[in-house]
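*Asks:* Mind folding the following:
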Amino acid sequence: MKLRLIPRETRFFDLFIDDAANLLGAARLFEAMVRTYDAPEARAREIRDAEHRGDEISHDIGHRLEATFVTPFDREEIYALISGLDDVLDYIEECADTFVLYRIEAPTAVAVQQASIIVKQCEQLHDALSHLRGFKGLEKYWIEVHRLENEGDVLARKAIADLFSGGADPLEVIRWKDVYALLESTIDKCEDVANIIERITIKHA
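*Replies:* Modelled structure (predicted):
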């Protein structure tokens, strides 16, 4: 029987779950914002609050890293994971702010679909981090995030191509091209986190 003289700090796993849950909440707020679009400014403020909570969780994890001798896995991997989650949340906040700043009158069906993909990806990331402690059985989560990224990529390419083939107002074309690209970047960032989880799992399984 192998004994650890210095126990690992396992509270990190709970904080990862908290971070992912906060991210998922922000993603759902954004999807609700573009689906109903009844109070975009209020929704954007709620998402901004979630981004601040995410910062607090990240800072908590960072402080624990400084004070913990034995971490559940490499410090660099922990930093990469929380930075990746922060990036996704920052992008969601930017998406919400862009709808307000660009004075979007009504989201398109494509934008709603992209927001839905982001929520589905964040659900997979949350589920993966909820099961990270054992480093087993996580492959299905990152595979689904990758599949959703491919779906989002096809959707964004077609939407942007349609903008330039429909004779729309040039300002509207520029506006929606930016929005679609930003939403696609958010989807890509979710895939980046899935890749980090995959690397951690393969290394420590």
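
*Asks:* Could you check how far stretch 32-48 is from the centre of its chain?
*Replies:* Computed by C-alpha atoms, centre = their mean, to the nearest Å, the chain-centroid distance of stretch 32-48 equals 17 Å.

*Asks:* now stretch 130-138
*Replies:* 19 Å.

*Asks:* Mind listing what's buried along the longest helix belonging to the chain?
*Replies:* With secondary structure taken from DSSP state H, the chain has its longest helix at helix 170-204. Neighbour-count burial for helix 170-204, with 16 or more other C-beta atoms under 10 Å as criterion, is recorded at 175-176, 179-180, 182-184, 186-194, 196-198, 200-201. Using the backbone N, CA and C atoms, a C-beta is placed for each residue, glycine as well.

*Asks:* Past the strand or helix carrying Ile61, which element shows up next along the chain?
*Replies:* Here Ile61 sits within helix 40-67, counting by DSSP states H and E. Using DSSP H and E, the next helix or strand after helix 40-67 towards the C-terminus is helix 75-101.

*Asks:* picking that back up, which other helices and strands contact the helix holding Ile61?
*Replies:* On a contact count with 3 or more C-beta pairs under 8 Å, 6 or more residues apart in numbering; DSSP states H and E, helix 40-67 meets helix 11-36, helix 75-101.

*Asks:* which stretch among those helices comes nearest Leu148?
*Replies:* helix 11-36 (12.2 Å; C-beta to C-beta).

*Asks:* Understood, closing this out.
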